[in-house]
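>>> Sequence first, then the predicted structure:
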Amino acid sequence: MATPPAKTRATSLFFSPAMAAPPRKPLPLLLFSLSLPFLLLLLFLVFLLSHTTFTILVCPLLPRSPSRSANATTNSTVAPAAATNLDVSMDNTMRAFHVSSSPPPPSLAVTPPPPPPPVKTTNNKKASTKRNKSLLKLLVKQTSRTRRFAARAVELFQPPSPQRPCAGRFFMTWLSPLEQFGRREPLVVETLFRWHPDACLLIASDTMDSAGGSDKLRPFLDRGFRVAAASPDMAYLLGDTPAQEWLGTVRRGEVGPGSVPLGQNLSNLLRLALLYKYGGVYLDADVVVLRPLSGLRNAIGAQAVDAATGDWIRLNNAVMVFDQGHPMLREFIAEFAATFDGSKWGHNGPYLVSRVAARVRHQLPELGVTVLPPQAFYPVDWNKIVGLFVAPKDGKEERWVKAKMDNIKGKSFGIHLWNRESRSLEMEEGSVIGRLISDGCLFCNSSVG
């Protein structure tokens, strides 16, 4: 009876619970685990295919941002054209004709002032259109004010005894709205009278020839400086010049003003006519005078020279000194009338005087014309003027400012502020421009800007 239990014990040794076969997974779970990687791969392919389809087929149908479209058009079409057309715009042409100057310290060069607040383009366009119409009237018809221009000029330049005569005739033009004759322009006039206290300044302007204009000039008049603003009589000024017939075509409507603001082109002609009629010194309203100009005669400044040869390659008409009736002025006026294009910036101004002077380059000495180096009036390029409005922030920048000041004051008759680029800038106290104007101020007020 003892044998059966022994057999039972042997069997339990070989088939213990630890050695038993594991339980099998259910069939559906097994199939899912095997197919999971393939499902993930399939989902990825579906996503990729749908994204590609959306990009290719749907995106082109969606509306695009106007600014991005304009930028794309500009980058793809205008840039190649600018490389071949030297008269397209200031930004695409002038850069190639500037002489490099010592760069400002990094903080001065890369820290421009904040951009001006956004303006309403529609309002600007309306104001520009209205101003162009006013200037066109100035060209095509005389008014009671323009008829007094000649008498006003005689009254200023040839005062009756015992008033002292003018020790130099200076001219400016101002064909912008009155309110734009702001804080900076009177400071420029101060520097002119700082070095020429007995000179006379005639501002040819229809907007300054007003009660508001008189108020802006009152500080000078009250101190005995001789300055006057008069609406220009174009028929009188262009009489007996090559532009007399051109004026007739404008009045008959045969020549259009073009797309460039008419004030720019009219100012280019007006300065030539004023010098031809009276003789003297023409200055843009953004040229700071740094020393007497009385030693200059029949002179115009180069804006750029060839680095290899030293010959001038570009002139500028922001400062000109000529005798009355000089033949070079007549050539300039004839070129204006013959090649006028109201839709090319600079074509009737800086490029005009450069074209004419280049044609008679070898005759300039015979004509008594002197081309001054860029350092005379354009010591700083228009695209580097920003740095001269910024105050130094440490000792290194202070040394740079002093060195630049010494260089400009030692070699320049004046400095062009390039208002088109710098009008929105504030003159920081201690900056190069701030110090130059402070050195030449008459009233030394705090209205620097």
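In hand now; what should we look at?
>>> alpha carbons only for contacts and neighbour counts from here, please
Noted.
>>> Beyond the longest strand anywhere in the chain, next helix or strand please.
Taking DSSP state E as the criterion, the chain has its longest strand at strand 312-322. Next along the chain after strand 312-322, taking DSSP states H and E as the criterion, comes helix 327-339.
>>> Okay, buried residues for that next one please.
For helix 327-339, the neighbour count (16 or more other Cα atoms under 10 Å) marks 328-337 as buried.
>>> how much space is there between Met172 and Leu135?
According to Cα to Cα, to the nearest Å, Met172 stands 17 Å off from Leu135.
>>> ok, these two, which is more surrounded?
Each of Met172 and Leu135 has its neighbours counted (other Cα atoms under 10 Å); Met172 has more, 24 against 18.
>>> who's that one bridged to?
For Met172, the beta-bridge partners are Ile203 (DSSP bridges).
>>> surely Phe340 meets Gly346?
No: using Cα atoms under 8 Å, Phe340 is not in contact with Gly346; the gap is 10.8 Å.
>>> Looking at those two, which is more packed in?
Ranked by neighbour count (other Cα under 10 Å), Phe340 and Gly346 place Gly346 first, with 22 against 19.
>>> That one belongs to a strand, doesn't it?
No: with DSSP: H, G, I helix; E, B strand; the rest coil as the criterion, Gly346 is coil rather than part of a strand.
>>> can you pull the contacts of Glu331?
Val356 (Cα atoms under 8 Å, 6 or more residues apart in numbering).
>>> Need the mean per-residue confidence for the host helix or strand of Glu397.
Using DSSP H and E, the element containing Glu397 is helix 395-411. The average of the pLDDT scores along helix 395-411 is 95.
>>> same deal with stretch 429-437?
94.
>>> Show me what that stretch is in contact with.
For stretch 429-437, the surrounding residues in contact (Cα under 8 Å, 6+ apart) are 187-188, 191, 288, 290, 388-392, 401-402, 404-405, 427-428, 448.
>>> Next one: Ile333 from Trp312, what distance?
Ile333 sits 22 Å away from Trp312, taking Cα to Cα as the criterion.
>>> follow-up on the earlier one: now the longest strand of the chain, how far from the centre of its chain.
18 Å (Cα atoms, centre = their mean, to the nearest Å).
>>> Can you give the strand pairings for that strand, parallel or anti for each?
Strand pairing for strand 312-322, using DSSP bridges, gives strand 280-283 (antiparallel), strand 299-305 (antiparallel).
>>> Would you reformat those strands as a markdown table and include distance to His416?
Below are the strands paired with strand 312-322 laid out as a markdown table (distance: least, Cα to Cα, whole Å):
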| stretch | distance to His416 |
| --- | --- |
| strand 280-283 | 10 |
| strand 299-305 | 10 |
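>>> which stretch among those comes nearest Leu247?
When the strands paired with strand 312-322 are compared by Cα to Cα, strand 280-283 sits nearest Leu247, at 22.1 Å.
>>> Can I get the closest one as CSV, trimmed to CA atoms?
Taking Å, rounded to 0.1, in the frame of the first residue of the first chain, the C-alpha atoms of strand 280-283 are listed here in CSV:
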residue,chain,number,x,y,z
GLY,A,280,26.4,135.7,-55.5
VAL,A,281,26.2,132.5,-53.3
TYR,A,282,23.5,129.9,-53.4
LEU,A,283,23.0,127.7,-50.4
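>>> give me every residue that touches Leu270.
Leu270 makes contact with 173, 234 under the criterion Cα under 8 Å, 6+ apart.
>>> Need the three-state assignment for it.
Classification of Leu270 using three-state DSSP returns helix.
>>> Next one: it from Ala243, what distance?
Distance from Leu270 to Ala243, by Cα to Cα: 11 Å.
>>> how many other residues sit next to the residue nearest to Trp312 when sequence neighbours are not counted?
Closest residue to Trp312 apart from its sequence neighbours, by Cα to Cα, 6 or more residues apart in numbering: Val305 at 4.0 Å. When neighbours are defined as other Cα under 10 Å, Val305 has 19 of them.
>>> before we move on, what about the one 3 residues further on?
Applying the criterion other Cα under 10 Å, we find 6 residues in the vicinity of Ala308.
>>> repeat for Asp198
17.
>>> Contacts only, for it.
Per Cα under 8 Å, 6+ apart, neighbours of Asp198: 166-168, 225-226.
>>> and it, that's in a strand?
No: under three-state DSSP, Asp198 falls outside any strand and is assigned coil.
>>> For stretch 384-402, list the C-alpha coordinates in CSV.
Extracted C-alpha coordinates of stretch 384-402, given in CSV (Å, rounded to 0.1, in the frame of the first residue of the first chain):
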residue,chain,number,x,y,z
LYS,A,384,26.8,108.2,-43.1
ILE,A,385,25.2,111.4,-41.8
VAL,A,386,23.3,109.7,-39.0
GLY,A,387,26.4,109.1,-36.9
LEU,A,388,27.1,112.8,-36.7
PHE,A,389,23.8,113.5,-34.9
VAL,A,390,24.6,111.0,-32.0
ALA,A,391,26.3,112.1,-28.8
PRO,A,392,29.3,110.1,-27.6
LYS,A,393,28.7,107.6,-24.9
ASP,A,394,32.2,106.9,-23.7
GLY,A,395,35.8,108.1,-24.0
LYS,A,396,36.5,106.3,-27.2
GLU,A,397,33.5,107.9,-29.0
GLU,A,398,34.4,111.3,-27.5
ARG,A,399,37.8,111.1,-29.1
TRP,A,400,36.2,110.2,-32.4
VAL,A,401,33.8,113.1,-32.2
LYS,A,402,36.7,115.5,-31.4
